[in-house]
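**Student:** Sequence below, structure please.
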Amino acid sequence: MQNTQQTKHKKIGIFGGSFNPIHNEAVAMCLYVKNEFNLDKIIVIPTANAPHKPNLTNDKHRLEMVRWAFLGVEGVEISTLEIDSQTTSYTADTLTKLKGQYKNDQLYYILGSDSAKSLKHWHKPEVILNLATLIVVNRADANNEINEADLTDLNTEILLSKQNPKANTKVNTKAETKANTKPSILTSKYKGTNISSTKVRAFLNLGLEPTTPPTNFIPQTVMDYITENNLYADYLDISQKVKQRLSADKFLHTAYTVACALELNAQTNLDPHKVFLSALLHDVAKQQAPEFNINSAADYKDKTAHADMGAKVASEVFGVTDTDILDAIRYHTTGRAGMQPLEKLIYVADKVEQTRDYPLNKHIRKTAYTNIDEAVKLIVKDQLKVLKQRAQPINPLSQQLYDSVFSNL
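**Tutor:** From the prediction side, this is the model:
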């Protein structure tokens, strides 16, 4: 007798990442998407040598942290596929291997909106779309939010880019491709919190506990593993010295400025050590510099004087000799005409880190994550507008910055 019962095709979610380290947002998002799209299971794959992230923490540590994060969670499988290969990790290659293993099943590749926006620049993006349906999850901060229309256009653009006009086949227009192509990109309704591995690493290096509010970033099991293995601790000593000079709320601002600067550095690719130190020390003299007879903020002649003093403290107390770092500290409040990339980065990060709350900041913050130069223009324009409204003096350096960035308009 012939068996007419059809084999059930499974829906397999694929969730890859550097997980450096894995955080609560990744875990929560993974489980939400599993339920939202009725996936039979999710395979979590820590990357090995990711082409866009050359300085990853040891593979063994990242793998173990992922295992601790998902310990006891049903329907989640941890894979060492990419780590075992010990080669550069490309999503197209990984999906090709997985499709060979799950020939009759449907693969769903889960990624964030920030990654989705750059998908067309990935290795063989058309192969990715052919092998898996993409599930895109927007970040909570909306800096890289993407909608369904954007995804449809992205899908079409990738397919169009692979057409060969020299072949003996009809080359479709964008409208024809869009109309005749079944969408292979979906969007999740997940709305989470604004956590990134970059932010978690920053807080760990600053000696801030990332397992309790307001920084409930990572599972306690992962934190225990990090502590046991002394991970993400390169800046603990200098961070503690800075912390002693600032109130709790000012140091929290410093922490978020460090995190923001490191995130924004994805655009500029500056030396991350210089970015970290500049952001860490940018407000080091904000409330005191007893070595130079500054015992409180009231000892300064104006609200911008702490920046110049901060450069002096960084140099003479903390031993910083790098002029790029010192200038980034010195001009982080006022800016100046002809700012160098690191100066711009710290100037912007100081203004748009997530604890800053003023009317235009949401728009400026979103702009900063795509165009730092444009964010500089928005910030100095808003600063001068507010100072004029309050009949307060404008620092000459800020005026010179304004004049320089708007000189061609």
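
**Student:** How are the strands of the chain distributed by residue range?
**Tutor:** With DSSP state E applied, the chain shows strands at 11-17, 41-46, 76-78, 106-112, 132-137, 185-187, 211-212, 215-216, listed in chain order.

**Student:** among those, which gets the worst mean confidence?
**Tutor:** Comparing mean pLDDT across these, the lowest value falls on strand 211-212: a mean of 66.

**Student:** measure the residue nearest the centre of the chain to Gln399 for me?
**Tutor:** Nearest to the mean C-alpha position of the chain, counting by C-alpha atoms, centre = their mean, stands Glu263 at 4.5 Å. Using C-beta to C-beta, to the nearest Å, one obtains 29 Å as the distance from Glu263 to Gln399. C-beta coordinates here come from the backbone N, C-alpha and C atoms, glycine included.

**Student:** what does Lys10 give?
**Tutor:** 64 Å.

**Student:** and if you look at Trp122?
**Tutor:** Relative to Gln399, Trp122 is positioned 44 Å away (C-beta to C-beta).

**Student:** More neighbours: the two, which one.
**Tutor:** Remark: of Trp122 and Gln399, Trp122 carries more neighbours, 19 against 16, as counted by other C-beta atoms under 10 Å.

**Student:** what's Thr91 in contact with, if anything?
**Tutor:** Shown in contact with Thr91 (C-beta atoms under 8 Å, 6 or more residues apart in numbering): Gly16, Tyr109, Trp122, His123, Ile128.

**Student:** just to revisit the earlier point, what would the strands of the chain look like in a markdown table with distance to His273?
**Tutor:** Formatted as a markdown table, the entries for the strands of the chain read as follows, by distance: least, C-beta to C-beta, whole Å:
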| stretch | distance to His273 |
| --- | --- |
| strand 11-17 | 23 |
| strand 41-46 | 25 |
| strand 76-78 | 32 |
| strand 106-112 | 26 |
| strand 132-137 | 31 |
| strand 185-187 | 37 |
| strand 211-212 | 26 |
| strand 215-216 | 23 |
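
**Student:** can you redo these as JSON lines with distance to His282 and mean neighbour count?
**Tutor:** Listed next are these as JSON lines, based on distance: least, C-beta to C-beta, whole Å; neighbours: other C-beta atoms under 10 Å:
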{"stretch": "strand 11-17", "distance to His282": "30", "mean neighbour count": "22"}
{"stretch": "strand 41-46", "distance to His282": "33", "mean neighbour count": "22"}
{"stretch": "strand 76-78", "distance to His282": "39", "mean neighbour count": "17"}
{"stretch": "strand 106-112", "distance to His282": "28", "mean neighbour count": "20"}
{"stretch": "strand 132-137", "distance to His282": "32", "mean neighbour count": "23"}
{"stretch": "strand 185-187", "distance to His282": "37", "mean neighbour count": "18"}
{"stretch": "strand 211-212", "distance to His282": "26", "mean neighbour count": "14"}
{"stretch": "strand 215-216", "distance to His282": "20", "mean neighbour count": "16"}
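
**Student:** nearest to Ala375, of the ones you listed?
**Tutor:** Taking C-beta to C-beta, strand 106-112 is the member of the strands of the chain nearest to Ala375, at 21.2 Å.

**Student:** what's the angle between that closest one and strand 41-46?
**Tutor:** Following axes from the mean of the first three to the mean of the last three C-alpha atoms, to 10 degrees, one obtains 50 degrees for the angle between strand 106-112 and strand 41-46.

**Student:** Tell me which residues are up against strand 106-112.
**Tutor:** Under the contact criterion C-beta under 8 Å, 6+ apart, strand 106-112 has outside partners 9-16, 29-30, 33, 37, 39, 42, 91, 95, 98-99, 119, 128, 131-139, 144, 186.

**Student:** Mind listing the strands it pairs with, and their directions?
**Tutor:** Neighbouring strands of strand 106-112 in its sheet, by DSSP bridges, are strand 11-17 (parallel), strand 132-137 (parallel).

**Student:** Ala48: which of these is closest?
**Tutor:** Among the strands paired with strand 106-112, if distance is taken as C-beta to C-beta, the winner is strand 11-17, at 10.5 Å.

**Student:** how distant is the closest one from the center of its chain?
**Tutor:** Taking C-alpha atoms, centre = their mean, to the nearest Å, one finds strand 11-17 lying 20 Å from the centre of the chain it belongs to.

**Student:** can you check stretch 238-251 too?
**Tutor:** Chain-centre distance of stretch 238-251: 24 Å, with C-alpha atoms, centre = their mean.

**Student:** again, but for stretch 274-285
**Tutor:** So, by C-alpha atoms, centre = their mean, the centroid of stretch 274-285 is 19 Å from its chain's centroid.

**Student:** Show me how the chain divides into domains.
**Tutor:** Per the record's domain assignment (automatic domain parsing), the chain is made up of the domains 11-187, 235-405.
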